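Visitor: build me a model:
(chains A and B)
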Number of protein chains: 2
Amino acid sequence: MGGDQGPSAVVAGMAKSADKNPDIGFILHGPSAVLLPLVKKARLSERCVVREAGGVVSMTDKPSHVMRHGKDTSMWSCIEAVRAGEAAVAVSCGNTGALMAISMLRLRRIEGVNRPAIACLWPSRNPGGFNLMLDVGADIRADQDDLLQFALMGTSYARNGLGIARPRIGLLNVGTEEHKGRAELKVAHDLIAAAAGPSNFEFVGFVEGGDIPSDRVDVIVTDGFTGNVALKTGEGTARLISELLRESFTHSILSRVAAVLALGSLKRLSKRIDPRRVNGGVFLGLNGTVIKSHGSADATGISAAIKLSFKLAHSGFNEKLAARIAVGLAQRQAMLPEEGEATL
Amino acid sequence: MGGDQGPSAVVAGMAKSADKNPDIGFILHGPSAVLLPLVKKARLSERCVVREAGGVVSMTDKPSHVMRHGKDTSMWSCIEAVRAGEAAVAVSCGNTGALMAISMLRLRRIEGVNRPAIACLWPSRNPGGFNLMLDVGADIRADQDDLLQFALMGTSYARNGLGIARPRIGLLNVGTEEHKGRAELKVAHDLIAAAAGPSNFEFVGFVEGGDIPSDRVDVIVTDGFTGNVALKTGEGTARLISELLRESFTHSILSRVAAVLALGSLKRLSKRIDPRRVNGGVFLGLNGTVIKSHGSADATGISAAIKLSFKLAHSGFNEKLAARIAVGLAQRQAMLPEEGEATL
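Guide: Model (predicted):
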């Protein structure tokens, strides 16, 4: 209910996914009076249960308010379906902060996870076409142990979501030299390097902003403040360039003719960097998978988020991630001094 | 001497600028045996003094090492010429960290400036074509008072460098709501808002990564860690898109034909976002103007940095910035509780 384009875009996206994948079923949360006609019109009645929820979380609601007073909302009901095991994954276009708050409250963090993270896909030069970055905004902070956990969670996501057996992990910094950056980054560098062997990933060390879309790395680890700024800066830059490209092709009659001939090339480019195709920030570190779709997602974007959710559910992603964290945590404990040893 | 393309690119850039501007003169620092023939060949002998400096700061030298042992380097000699008042501005393509370290050591900070900042230009939707962001990497930290000073220094730069009488200042955050972000950002928000009237700028409040290239704002204020990541992410995204665009236009014979017709449009776009045209990170907050050109700058890029340096020198920028800081500081002091008052 909380997306910019309202429930009709959501139902249109469901219909797209249902067409392509006969194994998908839906539980749709919100006011039945609004949703049932949409579901019927999209001929989804046999594959979609509508669950009545009268309240709606708006984009301006504060997460703390929603946590206290949001029990009747469609968002709450959606997360509750994952908690109860009825749904394998929750997908929402609504308020990110509120979605994370409800998810934390109801699903709880995986044993050993201090801070959950949001992971996003990023168009890149890699063969698969995408890199993975986390955290892009679950929290504004991350200490060295959080960054290690992000590396482990990112490994698990890259393996199950992108099919990369031995992902290359990079830690985002302002330079690639080991002496650069904030103190916690230097400690995290060593922790992640030590975890690379046991957790079967490759650690490429520090990477810079310019490496995010490169083929040097598969997973970029950073705190949620920096990651969110980087994500939005990248989106903003891509938007500016495509607007300028459009203007440049409508500049004169000759350029309009060129544009018609160049249409195929421009479409190929636009498909490659279309943000709708990479729609879906995945919440990692909770007992249940939650996918945050762009608030402005249309049917194509929502269908992309549903496709991703199906893939993750099908691979048993969340159980594997929990196991990966448990192993990583045991290893990290072994690296800490024994009790008493610290005082020697 | 420290740029990726060596001194011949520097001299070629000087020649370009000298051609366009009869009022420019140069002092070139480095080994005379290498530089004199280049200067002679470029017919710059009458407008360029070569100052002998045998040592070169490499891209991998640590700033602390250069500060202790770098007196014989071309970089040191260049900054020294500004300190002595022989040169109005220093321009270097070399190691950023070392350049900042020598500049801090020899030029010293302007009275009242705690942290100098590096400001860069960013292609944008604004009529002038550029926005301004600082800090993009002078330091990895910035507290609330530093951010206020960045706002004041950015105002002064936008006024004298971009000709914007009343710049719109935005503070970079992960959301535009006032309750979002780190604690120091909330305090900085209020400090900058209070300074807007007396310092004659408009404060638009928090902005997000997507606003950096927008026309909502002229100056984006942030800490050097976040700014550096954003800058490099933007550059990396632009690079990826232009590579994909090139591939897409060489994909088939038809797309190659289209590319020939589209050449004008593509050139217009490329000129608009060409990083060489916005070459030059300006060090703000020191007693003297220092411009850091991209290490990989070619003649066009170096000429752009020289053009910017001429413009800033001509407007008496550095004196105006110092005055702006002095006024801002006095105002900030007036906002702090009087001695003794804090305990009331």
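Visitor: hey, which helix or strand in chain A has the poorest pLDDT?
Guide: helix A:253-273 (a mean of 71; mean pLDDT, DSSP states H and E).
Visitor: who in the stretch 1-150 of chain A is up against chain B?
Guide: Neighbours of chain B within the stretch 1-150 of chain A, by C-beta under 8 Å from any C-beta of the partner chain: A:60, A:62, A:123-125, A:137, A:140-141. No exception for glycine: its C-beta is placed from N, CA and C like everyone else's.
Visitor: include neighbour count, distance to B:Leu244 and secondary structure when you put these into a markdown table, please.
Guide: As requested, the residues of the stretch 1-150 of chain A next to chain B are arranged in a markdown table below (neighbours: other C-beta atoms under 10 Å in any protein chain shown; distance: C-beta to C-beta, whole Å; DSSP: H, G, I helix; E, B strand; the rest coil):
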| residue | neighbour count | distance to B:Leu244 | secondary structure |
| --- | --- | --- | --- |
| A:Thr60 | 7 | 36 | coil |
| A:Lys62 | 14 | 40 | coil |
| A:Pro123 | 22 | 8 | strand |
| A:Ser124 | 23 | 11 | coil |
| A:Arg125 | 14 | 9 | coil |
| A:Gly137 | 24 | 26 | coil |
| A:Ile140 | 20 | 32 | coil |
| A:Arg141 | 12 | 35 | coil |
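Visitor: closest one of those residues to B:Gly264?
Guide: Distance to B:Gly264 across those (C-beta to C-beta) is lowest for A:Pro123, with 26.9 Å.
Visitor: isn't the closest one up against A:Phe130?
Guide: Yes - using C-beta atoms under 8 Å, A:Pro123 is in contact with A:Phe130, at 6.3 Å.
Visitor: coming back round to it: what are the contacting residues of the least confident helix or strand of chain A?
Guide: Residues from elsewhere that reach helix A:253-273, judged by C-beta atoms under 8 Å, 6 or more residues apart in numbering or on different chains: A:123, A:129, A:238, A:242, A:245, A:248-250, A:277, B:240-241, B:244-245, B:248-249, B:251-252, B:254-255, B:257-259, B:261-265.
Visitor: quick check: next helix or strand after that helix?
Guide: As assigned by DSSP states H and E, the chain's next helix or strand after helix A:253-273 is strand A:281-284.
Visitor: would you indicate which residues of the helix or strand encompassing A:Leu35 are buried?
Guide: Assigned by DSSP H and E, A:Leu35 belongs to helix A:32-41. Residues A:35-36, A:38-39 are the ones in helix A:32-41 that count as buried (16 or more other C-beta atoms under 10 Å in any protein chain shown).
Visitor: my read: A:Leu286 touches A:Arg106, true?
Guide: No - using C-beta under 8 Å, A:Leu286 is not in contact with A:Arg106, being 9.1 Å away.
Visitor: the two: which has the busier surroundings?
Guide: A:Leu286 (26 against 18; other C-beta atoms under 10 Å in any protein chain shown).
Visitor: confidence score at that one?
Guide: Looking at A:Leu286, its pLDDT is 95.
Visitor: list the contacts for the closest residue to it other than its chain neighbours?
Guide: In space, and not counting its chain neighbours, A:Leu286 is closest to A:Leu107: 4.3 Å by C-beta to C-beta, 6 or more residues apart in numbering or on different chains. Residues near A:Leu107 by C-beta under 8 Å, 6+ apart: A:79, A:82-83, A:286-288, A:290.
Visitor: check the residues you listed against chain B and report the nearest one.
Guide: The shortest gap between chain B and any of the contacts of A:Leu107 belongs to A:Val290, at 19.0 Å (C-beta to the nearest C-beta).
Visitor: now that closest one. Its backbone dihedrals?
Guide: Backbone torsions for A:Val290, taken as degrees, to the nearest 10, come to phi -130, psi 130.
Visitor: near it, how many other residues are there?
Guide: With other C-beta under 10 Å as criterion, A:Val290 counts 26.
Visitor: what sits against it?
Guide: Counted by C-beta under 8 Å, 6+ apart, A:Val290 has contacts A:79, A:82, A:89-92, A:99, A:103, A:107, A:282-283.
Visitor: now do 7 Å
Guide: The contact partners of A:Val290, by C-beta atoms under 7 Å, 6 or more residues apart in numbering or on different chains, come to A:79, A:82, A:90, A:99, A:103, A:283.
Visitor: now A:Gln149
Guide: Shown in contact with A:Gln149 (C-beta under 7 Å, 6+ apart): A:113-114, A:325.
Visitor: ChimeraX command for the buried members of those?
Guide: Here is the ChimeraX command that picks out the buried ones among these, judged by 16+ other C-beta under 10 Å:
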select /A:113,325
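Visitor: check the gap between the residue nearest the centre of chain A and B:Ala117 for me.
Guide: With distances taken as C-alpha atoms, centre = their mean, the residue of chain A nearest its centroid is A:Gly281 (1.9 Å). According to C-beta to C-beta, to the nearest Å, A:Gly281 stands 32 Å off from B:Ala117.
Visitor: A:Ser77 too?
Guide: 48 Å.
Visitor: more neighbours: the two, which one.
Guide: The residue with more neighbours, out of A:Ser77 and B:Ala117, is B:Ala117; 30 against 22, by other C-beta under 10 Å.
Visitor: wait, doesn't that one sit right on B:Gly137?
Guide: No - using C-beta atoms under 7 Å, B:Ala117 is not in contact with B:Gly137; the gap is 8.8 Å.
Visitor: any residues in contact with both of those two?
Guide: B:Gly224.
Visitor: which non-adjacent residue is nearest A:Asp211?
Guide: Of all residues not flanking A:Asp211 in the chain, A:Val217 sits nearest, at 5.8 Å (C-beta to C-beta, 6+ apart).
Visitor: residues touching the one you found, list them.
Guide: A:131, A:168, A:170, A:204, A:207, A:211.
Visitor: what's around the fourth one, how many residues?
Guide: By that I understand A:Val204. A total of 18 residues lie near A:Val204 under the criterion other C-beta under 10 Å.
Visitor: give me the element it is part of.
Guide: Assessed by DSSP H and E, A:Val204 sits inside strand A:202-207.
Visitor: list the buried ones in that strand?
Guide: Those would be A:203-204, A:206-207, for strand A:202-207 by 16+ other C-beta under 10 Å.
Visitor: and of the residues you listed, the nearest to chain B?
Guide: Checking these one by one against chain B (C-beta to the nearest C-beta), the nearest turns out to be A:Val207, at 9.8 Å.
Visitor: need the contact list for that closest one.
Guide: Taking C-beta under 7 Å, 6+ apart as the test, what A:Val207 contacts is A:170-172, A:176, A:216-217, A:220.
Visitor: same thing but at 8 Å, please
Guide: Counting by C-beta under 8 Å, 6+ apart, A:Val207 makes contact with A:170-173, A:176, A:214, A:216-217, A:220.
Visitor: among those residues, which one has the most neighbours?
Guide: Neighbour-wise, the contacts of A:Val207 (other C-beta under 10 Å) top out at A:Ile220, 32 neighbours.
Visitor: need the contact list for the closest residue in space to that residue that isn't next to it in sequence.
Guide: Take A:Ile220 and drop its neighbours on the chain: the residue closest to it by C-beta to C-beta, 6+ apart is A:Met133, 4.3 Å away. Residues in contact with A:Met133 (C-beta under 8 Å, 6+ apart) are A:119-120, A:122, A:212, A:219-222, A:227, A:230-231.
Visitor: many thanks, have a good one.
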